[in-house]
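Asker: Generate coordinates for the sequence data below:
(3 chains)
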Amino acid sequence: MTDIAEHMVYAYAVLRPTPEAARAVAALRGVADEQVGLVETGDLAAAVGPVPAAEFGEEPLKARLEELTRLESLARGHHGVVSALAPLGAVLPLRLATVYRDEDRVRQTLQERRDEFLPLLERLTGRVEWGVKIYTDAKDTGGGEEASGASEDGSEGAGLSPGRAYLAARRRRRRGAEDAWQVAVRTAARIADEAGEIAVERVAHRPQRGELAGVGGGEPGENIANDAYLVPADRAADFRARVLAAAEGQEGVRVEVTGPWAPYSFALPPAPAARRESA
Amino acid sequence: MSATPDRPAKRLSTDPDSVERDLAQLVLTVVELLRQLMERQALHRVDKGDLTEEQEERIGMTLMLLQQRMEEMCDRHGLRMEDLNLDLGPLGTLLSPAGQA
Amino acid sequence: MSTALDEEDARALAGREVALIDILDRLLQGGVVLAGDLVLSIAGVDLVRIDLRAVIAPVDAAHPAPPLL
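Answerer: The predicted structure is shown next:
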């Protein structure tokens, strides 16, 4: 019998306590390579796993979140469990690093928030998430730098003193970049409209930048839209085809569709305390 | 000093020349961000028309001199303007991929 | 109505074909945030160390700035 104080409970998702769910978790290992199981109470269950307190207490966990390679192993382990449960059809994913002291606390939370979880599970039943990322295609949507404002094409700068000529040239440069940007943004809106024909809901995540985003390794452009759509599972193929078709032949943009995902982006909004206050 | 997660490529090395270069890159990136933000504000006010010609001239000259100074300082530390950026880890960079604020 | 994903999708979903940044977008911004007797909630962890809002302060006639240089 393991010493309870040495372990904590890592929670992955809320779901229904069905025989299929029990079978599904029995085949899974989690973020600490632990056996995943179900904590059940009435008509709700949580997929959880025992994890070493030494690694998953607050301090070590925070440290782990700040190191990319260790964050990656945690994120992929977590995602592996949730994605294996997604085919069950109704899964409410929990945020990364949701850790409890013991299973009783998990059970208690399920009971306390039953009236929120049940309708949400109902709403997510039979639906999956698709990601649509839109990138600018153009190479010159950025401003860049130039050697000397005053010696630029002087049509607007003619007759202006050097400082004003510099500003005029900079304005021209930025405006040109903005125009290309506007075209891309308008196309992105058209793609979103098309996606909206099938999706029941949409969430906008912040655009992706930096090394992890993978833009720039041969592919020009910038990520201007990073959206998640909640789509009926039986219309998933249709959705993907429509979005890709909407982007085809469109100047200035490139589209990437990811999925299907468990509905991470369509779980409850954060800050339940704030919600209680505003209720 | 490093604003990035613990990855070898971004860790400040113990080589004195490299330390100075890394610090310069950090400082110049922040200065460049501010310069671009000021430029954007200046252009906005020019468009709004609430600057006199004299104010426009002064601001324009200042920004132009600042840009030249930035290029000189980059050069002095063996950096190109394209090198100026701050990696905030998985969530992206301070300036856009095209180097804009 | 079939709610199950086909095998290929399920494998791709869990496998390395999935980009880390796409996973992080969903694990850090999505999912239920539970409070209460929690040891740690990711909602309390901010991975962005520089707050740009502190740097940007628009200036116009109503909010004059000190003279440039």
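Asker: hey, let's count contacts and neighbours off CA atoms from now on
Answerer: Will do.
Asker: Next, the buried residues of the lowest-mean-pLDDT helix or strand in chain B.
Answerer: Across the helices and strands of chain B, mean pLDDT, DSSP states H and E gives its lowest value to helix B:16-48, namely a mean of 83. Neighbour counts over helix B:16-48 (16 or more other CA atoms under 10 Å in any protein chain shown) mark B:21-22, B:24-26, B:28-30, B:32-33, B:35-46 as buried.
Asker: Is there proximity between that helix and chain A?
Answerer: Yes - Helix B:16-48 is in contact with chain A by CA under 8 Å from any CA of the partner chain, via residue B:43.
Asker: any idea which helix or strand comes after that helix?
Answerer: helix B:53-76 (DSSP states H and E).
Asker: and that next one, what other elements does it pack with?
Answerer: Secondary-structure packing of helix B:53-76 (3 or more CA pairs under 8 Å, 6 or more residues apart in numbering or on different chains; DSSP states H and E): helix A:162-196, helix B:16-48.
Asker: need those helices in CSV with distance to residue A:94, can you?
Answerer: Putting the helices and strands packed on helix B:53-76 into CSV (distance: least, CA to CA, whole Å) gives the following:
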stretch, distance to residue A:94
helix A:162-196, 26
helix B:16-48, 37
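Asker: Please identify the pairing partners of the helix or strand containing residue A:8 and their relative orientation?
Answerer: Assessed by DSSP H and E, residue A:8 sits inside strand A:7-15. Strand A:7-15 has its sheet partners listed here by DSSP bridges as strand A:44-52 (antiparallel), strand A:91-93 (antiparallel), strand A:99-100 (antiparallel).
Asker: buried stuff in it?
Answerer: Of all the residues in strand A:7-15, those buried under the rule 16+ other CA under 10 Å are A:7, A:8, A:9, A:10, A:11, A:12, A:13, A:14, A:15.
Asker: Stretch A:257-270 too?
Answerer: For stretch A:257-270, a neighbour-count test (16+ other CA under 10 Å) marks A:257-268, A:270 as buried.
Asker: Looking at the residues you listed, which is nearest chain B?
Answerer: Nearest to chain B among those: residue A:265, at 17.3 Å, using CA to the nearest CA.
Asker: circling back: and the furthest pair within the buried residues of strand A:7-15?
Answerer: With distances taken as CA to CA, the most widely separated pair in the buried residues of strand A:7-15 is A:7 and A:15, at 23.0 Å.
Asker: counting contacts, what elements does the helix or strand hosting residue A:79 pack onto?
Answerer: If you go by DSSP H and E, residue A:79 is part of helix A:68-85. The elements that helix A:68-85 packs onto, with contact taken as 3+ CA pairs under 8 Å, 6+ apart, are strand A:7-15, helix A:19-26, helix A:58-65, helix C:7-14, helix C:20-29.
Asker: Would you single out the least confident of these?
Answerer: Across these, helix C:7-14 has the smallest mean pLDDT, namely a mean of 52.
Asker: Quickly check: the least confident helix or strand of chain B near chain C or not.
Answerer: Yes - interface with chain C: helix B:16-48 contributes B:34, B:37, B:41, B:45 (CA under 8 Å from any CA).
Asker: Report the residue spans of the chain with pLDDT below the cut-off.
Answerer: Since no chain was named, I'll use chain A. Applying pLDDT under 70 to chain A flags residues A:1-4, A:138-158, A:209-220, A:268-279.
Asker: hmm, I had chain C in mind actually
Answerer: The model of chain C has pLDDT under 70 over residues C:1-16, C:33-69.
Asker: hmm, 80 instead?
Answerer: C:1-17, C:28-69 (pLDDT under 80).
Asker: Give the closest residue to residue A:44 in space, chain neighbours not counted.
Answerer: Sequence neighbours aside, residue A:16 is the residue nearest to residue A:44 in space, at 5.0 Å (criterion: CA to CA, 6 or more residues apart in numbering or on different chains).
Asker: backbone phi and psi for residue A:66, please?
Answerer: phi -100, psi 0 (degrees, to the nearest 10).
Asker: what do you get for residue B:84?
Answerer: Main-chain dihedrals, residue B:84, degrees, to the nearest 10: phi -80, psi 110.
Asker: Likewise for residue A:90?
Answerer: Per-residue torsions, residue A:90: phi -140, psi 100 (degrees, to the nearest 10).
Asker: Would you quantify the distance from it to residue A:263?
Answerer: 9 Å (CA to CA, to the nearest Å).
Asker: How about residue A:249?
Answerer: In this view, residue A:249 and residue A:263 are 30 Å apart by CA to CA.
Asker: Can you give me the distance of residue A:95 to residue A:233?
Answerer: Per CA to CA, residue A:95 is found 22 Å from residue A:233.
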